[in-house]
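[1] Give me coordinates for this.
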Amino acid sequence: MLAQPFGHCGLLAVGCFIFLHQFRRVTPSDMRHNSHKFIVKIDPTKTNSLDDFCHYLNSINVRHSVVHDLTGISPDNFYGASLYLDNPADRNKLARVDAVEVIIFCLSRNSTTFPVVTPVSPIKPIVPVSQTILRKPPSAGASPNDFAPHIQTRVTDLHSQGVFGQGIKVAFLDSGVDCEHPALGGGFGPGYKIGFGYDLVGDDFDGSNIPTPDSNPCTPCGVHGTHVSGIVGAKDVGYGFQGVAPNATLGMYLMGCASEGGTTNDIVVSAILMAVRDGADVISASIGGFGGWSKGDALSDLINDLVAKGHALILAAGNEGDQGMFYAETPAAATNSLAIGSVESKKRIVFHLQTSSGKVIPYHSSGVFNGTDLPIYATSPTSASPSDACQPLPGSTPSLAGRIVIIRRGDCPYTQKVENAVAKGATRILFYMVRVSVLNSTEQASLSNFITSAQVAVLTKEDGESIVSELSKSPNLRASFLSQHSFGKKNHSAAANGGGLVSNYSQYGPSYDSKNIQPNFLGVGGDILCECCAPTVPINMGSYLLMKQRHFSQASMSGTSMSTPQVAGITALVKSIRGKALHALKLKTILSTTAQQVPAALGQNEIETAIHAGGGLVDAYCAAYSKTVLSVDALALHDIPNFKSQQSFTITNEGDQSYSFQTGHSPAITVNTFKPGSQRVSTTVETVSGSAQVQVSPATFTLAPKSSQNIQVTFTLPSGLSPELLPVYSGYISLLSDADCERHTLPYYGIAGVMRNTKILDTGFDTEQAGKLLPRLTDANREPLKGPVTFGAGTGIVIRYRMAFGSPYMRMDVISANSALTNSDPSPATMQPMPDIGTTFTLSKGTFMGANLLGMIPTSNSTFVPRTVSTDTIVLPWSGTLISPGQTQSSSVIPSGSYKILLRALRVNGNPFTDADFDYWISPVITVAGSPMLRQPGVQPPSSPPGSQSPVVSQSNPAQVGWPYAYPSQAGSSFQPSGGRGF
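    Residues are numbered from 1 along each chain as shown. Model (predicted):
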């Protein structure tokens, strides 16, 4: 059975699960069938109260229940309610109510020109990939001043001046928090570190059952929420590190706690509104889904509005770096959002052992080992054995119980080596590496994740070989594990995992519409096995956690989920210096242009592309104290036809002394979107030679106190690139001064190709049926259509397709079997201007390339559609009804006859009134033998009738994915919508 869609859905806001008892309360069964659930934005000037509004609905026979009262959370930002309609078709009546501004409903979609109807989106929680609990702090070792993520972002410089975020309120939208944790203050409410918040759903909410809200967000199940709270606010209780802003007041808005459950976008927006209402100075959230557009879903629109009003929303840019470019996360891709990417830490926490010869050797593990004066045993007397411990250990091997066993990494899997050692009684195993580096991040996570039969850690190649060599000379060599730890310099094996580089999983931008560079800037979030920024977990799990953060396609608490709260904490520090009134858009510019540029590779001078690094790694100290401020955070040059060669911005001196500047330009690496011959975005981003030529004027200037200087920049397109590969070039305009923190770099980016030429519809193979090319039609059992179709008799039609690139607008229509397409575009003199495509947009034109459109398939009309992951196939069931051209509120049943289905997707920057700007596909002829009448006596048929479904995704490899990703899986199938805003 196909499940209902979710993910990229347009919603504006929802409520805090306050049920109005004068109306029928929804039941769990209702919640599961949430295609009946609608969120309604109401004009408060046209109704006295929600009660009056609901009474009016009853008077026009719209039977409903109130699920959430949203009128009182933040009425200046959203006023409305969430309703459960007994008959989903009543949304048409609801839409015509004068007081209704917007309708948002859960699952079904239909084409409208009246207030938009779009889905509510479930979101799955992030769960830890692997973890080791430290139940007591080490006795000595590390110091907060040595903590690499704080050093890299210059947080330590602010801490040294006594700046710890005092007076700033930081709110998290997350899974709850263990308020009893000693590093987090040991309580909840006024006077405590965790001073405000709300539980919107209860501990047992899984995204579909009835929420049980209360005023206390404290819960022992909030692993992720406790962790991010510690990143910002933990105090040092013996581990040698503290949060970014340990004196800030924290707030928690619990949106979902169950480890296998989830939440929905309506709850997310409720939490945002509540945090705004409660006076949060900073709001941090690691949420999102596949998107690529800066607007068009109401969550993004709400964020744009709130940030424009000054509210600082810090959002994770996402962890789908392995999906290539133009994959900006929604809602982080919103024009005004502050989207955070991730860099690798330069140091990691290391533990130590001391040999009986006096050597102190670091080892890398998720937790400290125990034991003193233990004999060391090497399973191979030589460090050159490639298959060390790959076979069962010989009978001459002594009991390894109570010994430290050292094994060379070698050829076979870890589990095989561990199994052989454990068979001889081993409980403490040290692996040493074949190469100079320590274990790479994925392997290191896996060790503690799947090896539970023994404690396992790793040594560097040099240290391991040194122990084996010494052991050959001193067979009685022994060692003790020390309780202290320190922050050791990281040893690198490859640039992809190098300290200080952008994490390879960190999301690439830009947005399709070039409205957001995404990410805007970076925090430290990569290689978190041993440097999680404040390792707090609930007390019942042991209180402290050294956790590996790695990206999976399924579920992970990944790097941007760590870097985002770090930047939220830095925002608290900056606001404690610059004042709470610091506007979010000004903050965004300051953080971007004072950031530190990030190299593309270790030991090289090339700069990482700005669509992966944004402005760079944030510099907390300079963001707090810089006296000169730019007017923009980035420059978008667009693609070749829309090239913005002339750009300008201003720099303003808010200080009391003059500063002299020299302007310049530093190109970043250029990267191709596609590989030659492929229509799919490359998942491995490859560099290419070529950069823009840039002239900056004036070359030098002196900026007096309280004055501004206009900067003019002229760009020339790069040469020698292949436009069909859609290269993205970027770089930084520099304004350099001798004064500390009065040095700025402004990122820019452009596309050396034509977005309008990029194909949208993927013509590759169906992911569930090898050899079958998309798009294609099947029956509900994925079988090719055989003979005439009778709708309603179990022989409906399923349209299967995939998006190779994003589209601002797509739809499906039915045309007659004998239709012939010709280019019927109007002349330039009569061509309609480009419309402003929004979530309510629908194309009323009744022809396409000369063919008459008989009607549109309900639920197919979508705006701001993302591209589809290459392993997925989108599925749209069709029940045989059509929305006739020019009709918006009624549907008709297709009569018997022969037809074709026209699927079309508007190319990026295309004009929907220009047929040639669409990528399209026409189906083979289908024969309809008949359709049952779906109308009920006295009831106007809905635009999307009962039983119809919106697009869903059929995945060949269903995967459970983490909180930033909104797509769960179910037995047999898993799903996501075709895109943004179907209606």
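[2] Give me the most central residue, this protein.
    Nearest to the mean C-alpha position of the chain, counting by C-alpha atoms, centre = their mean, stands Gly318 at 3.1 Å.
[3] and that one, what is it in contact with?
    Going by C-beta atoms under 8 Å, 6 or more residues apart in numbering, Gly318 touches Gly288, Tyr327, Ala328, Glu329, Ala332, Ser506, Gln507, Thr560, Pro964. Backbone N, C-alpha and C define where each C-beta goes, glycine included.
[4] Using the record, which stretches count as separate domains in this protein?
    Split into domains by automatic domain parsing, the chain comes to 28-120, 148-186+213-346+490-582, 349-489, 760-966.
[5] now, of these, which is deepest in the fold?
    For these, the largest average neighbour count (mean count of other C-beta atoms under 10 Å) is found in domain 148-186+213-346+490-582, namely a mean of 25.
[6] from the middle of its chain, how far away would that one be?
    Relative to its parent chain, domain 148-186+213-346+490-582 has a centroid offset of 11 Å by C-alpha atoms, centre = their mean, to the nearest Å.
[7] which residue ranges form the helices in the stretch 351-500 of the chain?
    414-422, 441-450, 461-473 (DSSP state H, counting those that start in this stretch).
[8] among those, which gets the worst mean confidence?
    Taking the average pLDDT of each of the helices of the stretch 351-500 of the chain, the minimum falls on helix 441-450, with a mean of 44.
[9] that's a helix at the residue nearest to the centre of the chain, yeah?
    No - if the criterion is DSSP: H, G, I helix; E, B strand; the rest coil, then Gly318 is coil and not within a helix.
[10] And it, what's its pLDDT?
    pLDDT recorded at Gly318 is 88.
[11] do the same with Thr663
    Per-residue pLDDT puts Thr663 at 98.
[12] Use 343 as the first number from now on
    Taking 343 as the first residue, the last one we looked at is Thr1005.
[13] neighbours around it, how many?
    Neighbourhood size, Thr1005 [other C-beta atoms under 10 Å]: 22.
[14] what secondary structure does Ile993 sit in?
    strand.
[15] where in the stretch 543-692 of the chain is pLDDT low?
    Within the stretch 543-692 of the chain, the stretches with pLDDT under 70 are 581-582, 600-604, 640, 690-691.
[16] what's the model's confidence in stretch 696-711, averaged?
    85.
[17] How far off centre is that stretch?
    On C-alpha atoms, centre = their mean, the centre of stretch 696-711 falls 38 Å from the chain's centre.
[18] my read: Ala768 touches Ala743, true?
    Yes - when contacts are counted by C-beta atoms under 8 Å, Ala768 is listed as touching Ala743 (7.4 Å).
[19] Can you list which of the contacts of Gly660 are found in helices?
    Among the contacts of Gly660, DSSP state H puts Thr902 in helices.
[20] could the contacts of Gly660 be laid out in a markdown table, adding distance to Ser401?
    Below are those laid out as a markdown table (distance: C-beta to C-beta, whole Å):
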| residue | distance to Ser401 |
| --- | --- |
| Gly630 | 41 |
| Tyr669 | 48 |
| Ala670 | 45 |
| Glu671 | 44 |
| Ala674 | 43 |
| Ser848 | 54 |
| Gln849 | 49 |
| Thr902 | 49 |
| Pro1306 | 44 |
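[21] out of the contacts of Gly660, which are inside strands?
    Mapping the contacts of Gly660 onto strands (DSSP state E) picks out Glu671.
[22] which one of the contacts of Gly660 is nearest Val519?
    Pro1306 (19.1 Å; C-beta to C-beta).
[23] does Gly1129 really touch Val1270, like I thought?
    No - Gly1129 lies out of contact with Val1270 (C-beta under 8 Å); the separation is 11.1 Å.
[24] what are the ranges of the strands in the stretch 693-842 of the chain?
    702-705, 716-720, 746-750, 770-774, 797-801, 820-831 (DSSP state E, counting those that start in this stretch).
[25] Likewise for the stretch 843-992 of the chain?
    Under DSSP E, counting those that start in this stretch, the stretch 843-992 of the chain gives strands at 863-868, 886-890, 970-972, 977-980, 988-995.
[26] what packs against the shortest one?
    Helices and strands touching strand 970-972, by 3 or more C-beta pairs under 8 Å, 6 or more residues apart in numbering; DSSP states H and E, are helix 926-935, strand 988-995, strand 1086-1093.
[27] I'd like the distance from the longest one to the chain centre, please.
    It refers to helix 926-935. 21 Å.
[28] Show me what it is packed against.
    By 3+ C-beta pairs under 8 Å, 6+ apart, helix 926-935 packs against helix 640-650, strand 654-658, strand 680-686, helix 902-920, strand 970-972, strand 1086-1093.
[29] Let's have the ones you listed in TSV, adding distance to Pro555.
    Below are the helices and strands packed on helix 926-935 laid out as TSV (distance: least, C-beta to C-beta, whole Å):
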stretch	distance to Pro555
helix 640-650	20
strand 654-658	22
strand 680-686	28
helix 902-920	24
strand 970-972	41
strand 1086-1093	42
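[30] Quick check: which of those is nearest to Val404?
    helix 640-650 (22.1 Å).
[31] and the angle from that closest one to strand 680-686?
    100 degrees (axes from the mean of the first three to the mean of the last three C-alpha atoms, to 10 degrees).
[32] need the contact list for the closest residue in space to Lys388 that isn't next to it in sequence.
    Spatial nearest neighbour of Lys388, chain neighbours left out: Ala441 (3.9 Å); criterion: C-beta to C-beta, 6 or more residues apart in numbering. Shown in contact with Ala441 (C-beta under 8 Å, 6+ apart): Ile384, Asp385, Lys388, Thr389, Phe395, Tyr398.
[33] Please tell me how far Ala441 sits from Ser407.
    For Ala441, the distance to Ser407 equals 19 Å [C-beta to C-beta, to the nearest Å].
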